[in-house]
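Novice: I would like to see how this sequence folds:
(chains A and B, ligands or ions: 2)
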Amino acid sequence: MWHFIFGNLTWAALPHEWFTIGGTAAMFLMAGAVVGWLTYARRWRWLWSEWLTSTDPKKIGVMYIIMASLMLFRGALDAAMIWLQQAMSVGASHGYLSADHFQQIFTAHGDIMVFFVTMGFLAGLLNIILPLQIGARDLAFPFLNSLGFWLYVAGAVFVNLFFVFGGEFAATGWLSLPPLSELAYSPGVGMDYWIWSLQISGLGSLIAGINFIVTILKMRAPGMTLMKMPMFVWSSLCSMVLVVSVFPILAVTIGLLWLDRFFGMHFFTSTGGGNPMMYVNLIWMWGHPEVYILVIPSFGIFSEVVSTFSQKKLFGYASQVAAAIGITLLAMLVWLHHFFTMGAGADVNAFFGIMTGVIAIPTGVQIFDWISTMYKGKIIFTQSLYWFLGFVATFTFGGVAGVLMSSPAADFQFHNSLFLVAHFHTMVIGGALFGIFSGLTYWFPKVTGFKLNERLGKTAFWFWLTGFFTAFVPLYILGFMGATRRLDHYTDPAWQPFFITAGIGLVIIAIGAAVQIAQLIVSIRQRRDNLDISGDPWNGRTLEWSTKSPPPFYNFAVIPEVKSRDAFWEMKQGGRPQPVYQDIELPKNTAMGIYVSAFVFLAGFGFVWHIIWLIVLGLGGAVTCVIIRALDEETEYTVTAAELASMENNHS
Amino acid sequence: MNEALPAIGFQRQERVAFGFWVYLMTDLISFAALFAAFSVLRGSTFGGPDGADLFNLPFVFAETMLLLVSSFTCGLAVLAAEQNKQPRALIWLAVTFLLGGGFLALELNEFSRLVAEGNGPQRSAFLSAFFALVGTHGLHIAVGLLWMAVVALVIWRRGLSSKNFSNLLRLGLFWHFLDIVWIFIFTIVYLMGVL
Ligand code: HEM
Ligand SMILES: [Cu+2]
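Specialist: Ligands and ions are numbered 1, 2, ... in the order given. Take a look at the predicted model:
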């Protein structure tokens, strides 16, 4: 009877170790604080109808960014725990973590940073900026957009739920390679939490990818041909094409791993004829494109930022487009460089080695284009541009390290060393994350109506940059000294100073992050001094600056006509025509995304704990909700021309 | 849909159609990954039976015919709907549903026979890959049948509005897509397994 109702869940699954008790307590305290405030301030209805059920991409974007920031905090805590262990655990000392616990922490750290931080920030920025840049009022599928967000949230809950139920996360590394991740070696629920957090949030990403592609290709303002799209739109398109091309592979791969674990099948097991290397191939067919999914949108952000703050047209637009497309295609042809050591033979390794090295060419083209854009520009050194300059330094550094490893002969030395770890952190932090910061500071006034404090922003930047190099240059050196990745203990005392230096770097980065929080608070307090009345604080070039800050819920009262690449720049030179208002249709709010994702969450929980009735309930509920939604004929409402006109005239 | 804004309604349906195509491509990639896994593992029988021992070609041929004919009748349903002949469209949908249901029943029959003989998906990597690939297709068929039932119900209750018609069109696409995938399964899994 117990097993029928609760599956494998027992009292022993409840928190009883210091970190699960601590994690659970922290989560309950935070939830309690939020609930308390909402109740005290009587904000429940406001939260539900203005935010949670909203289909406005600007609001969904803000919710994504808030979630991603929270998860950044969570992932950074993991990083600090990893570092502290490594700084202590030399020779006779074994640090403060068990080997198993240490492994769970770096696994969670990697997954959180990739799936819930970087992907979350990107989805947020795309939601807010894309429709504005192409002159659209919403995304192609507003309900799917809301659903994608809520699936992302459900996935994020799954990576944290083990604190409350189960007490362990996967201890297998962020990609959970088999046979280690099979039932025989990872019998616990931690592995299943990993599977379902990625499966559910990955489904959200796939849905978002389809949505953005259709939006970009079908909803551009009249006159905006493909070659008139802003670079951020192009790079988002490339990134989303990669998403729809490879996220299905991820879904199948971890789906098969789940079949192995749940039904005792033999895809990747070490017995029964299974083939673990097939998993490694499949997961990297997704995994390498994934790192480009993370970084290509940042390239687009930099194109916007550099051209705006150089007050010049982007140099070599066509070559930028070609480079972005080239990177997209090449990204699908290099996955094997992650396991040259598999023994595929010299020919195969040579092919993938050369393709990998070739990616540096289009990347280099983009960097030269940005620098050429700045050349002879009237440069304004804002914080957004600072992030770009920092990116050039770090990304080139990390790119050269990548090219070094793209030679199979060399990579036999570097593979799975701390050199590799330093490489990809340079790319993901110095590339993707710096790009995100650049974009967040650049578009902040568009979203909120006031600018961020520049001085604190630049201070934060310098902490991040110096902290970054202090933290990761020692890792490159340790890699050369022979340190492999994921060590919870080492014997050579000569390594310790480098690990400690890396930790100092982490502290410097943390100070940078603290300054960013301070920057946000100070900017909100001083918002009256930094208001963006015109909607165009930076003398921008693209359409998002042509509407107010923050934009009205319908984005544009009249859809603009686009005549040139820098559409808004052109309008400013020419003067705008008198607006002629028409009735417009906008999507209604819907809570269905929340319901579907809640049911999917229940099904996932059932899968983790083998609770059959819950699986049936969850899947059945989700399907029923989708059908109900599909039958709903009234998903839109009309704003009449007269209402538009009065809203427009009231504001200005 | 707001009938006063036909242009907007049309644009919206075009978006949905395009989005559905993109979805179909993602699904195709999922199947490609499953086919790849099957091709890698087809020889890994781990001392157990292989395709030649297990598959009954005439039986599978019957399945195939059911599905192919159902694709044809599905096309007839769409044609009838296009000519606004609602009862005829519904009848063809019902026929399609029965044929699809028959296919699924045969597939489940094959699966249960294999399992009963001790050749379930746990027997070997080859059988895991077989069940996963064919089973995923079968799952899609089941979803398609559910969708078909809903579409038929909605057309019956609410008539052939342009929204319902475009929904039917997408169902048709989905159904033909599954047909094509099945042709590959028939060839790669069954024919090449037996020959
Ligand atoms: C110039 C372009 C690049 C080259 C030549 C390159 C090359 C490589 C190579 C050869 C490896 C595998 C090394 C090994 O495992 O032994 C690798 C790993 C990695 N790279 Fe890059 N890379 C490049 C750009 C990027 C970018 C842009 C990102 C992310 C934004 C990135 C993220 C990663 C990650 C996350 C890993 C390893 C993950 C793991 O093993 O867990 N790389 N890179
Ligand atoms: Cu790679």
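
Novice: number of nearby residues for the residue nearest to residue A:132 when sequence neighbours are not counted?
Specialist: Distances taken as C-beta to C-beta, 6 or more residues apart in numbering or on different chains put residue A:544 closest to residue A:132, at 3.6 Å, once the chain neighbours are dropped. In short, each C-beta sits where N, CA and C put it, glycine included. For residue A:544, the neighbour count with other C-beta atoms under 10 Å in any protein chain shown is 26.

Novice: List the residues that contact residue A:544.
Specialist: A:129, A:132-133, A:443, A:446, A:551 (C-beta atoms under 8 Å, 6 or more residues apart in numbering or on different chains).

Novice: just checking, residue A:269 touches residue A:185?
Specialist: No: when contacts are counted by C-beta atoms under 8 Å, residue A:269 is not listed as touching residue A:185 (9.8 Å).

Novice: what about the longest helix along chain A, near chain B?
Specialist: The longest helix of chain A (DSSP state H) is helix A:276-310. Yes: with C-beta under 8 Å from any C-beta of the partner chain as the criterion, chain B is reached by helix A:276-310 at A:278, A:282.

Novice: just checking, what packs against the next helix or strand after that helix?
Specialist: Moving toward the C-terminus from helix A:276-310, the next helix or strand (DSSP states H and E) is helix A:317-331. Applying 3 or more C-beta pairs under 8 Å, 6 or more residues apart in numbering or on different chains; DSSP states H and E, one finds that helix A:317-331 contacts helix A:231-263, helix A:276-310, helix A:346-374.

Novice: I'd guessed residue B:129 sits against residue B:35; true?
Specialist: No: between residue B:129 and residue B:35 there is no contact under C-beta under 8 Å: 9.4 Å.

Novice: who has more neighbours, the two?
Specialist: More crowded of residue B:129 and residue B:35, by other C-beta under 10 Å: residue B:129, with 31 against 17.

Novice: so which strand or helix has that one?
Specialist: If you go by DSSP H and E, residue B:129 is part of helix B:125-158.

Novice: can you give me the angle that helix makes with helix A:276-310?
Specialist: 60 degrees (axes from the mean of the first three to the mean of the last three C-alpha atoms, to 10 degrees).

Novice: What residues of helix B:125-158 count as buried?
Specialist: B:125-138, B:140-141, B:144-145, B:147-148, B:151-152, B:154-155 (16 or more other C-beta atoms under 10 Å in any protein chain shown).

Novice: mean confidence for that helix?
Specialist: Per-residue pLDDT values over helix B:125-158 give a mean of 97.

Novice: Take the contacts of residue A:544 and keep only those in helices.
Specialist: The members of the contacts of residue A:544 that map onto helices under DSSP H are A:129, A:132-133, A:443, A:446.

Novice: residue ranges with poor pLDDT in the chain?
Specialist: With no chain named, the answer covers chain A. A:651-652 (pLDDT under 70).

Novice: please go with chain B instead
Specialist: B:1-8.

Novice: For it, which segments count as helices?
Specialist: Using DSSP H, helices in chain B cover B:6-41, B:51-54, B:57-82, B:86-116, B:125-158, B:162-184, B:192-194.

Novice: what's the closest of those helices to ligand 1?
Specialist: helix B:6-41 (20.5 Å; C-beta to the nearest ligand atom).

Novice: now the angle from that closest one to helix B:162-184?
Specialist: Here the directions of helix B:6-41 and helix B:162-184 differ by 20 degrees (the same axes, to 10 degrees).
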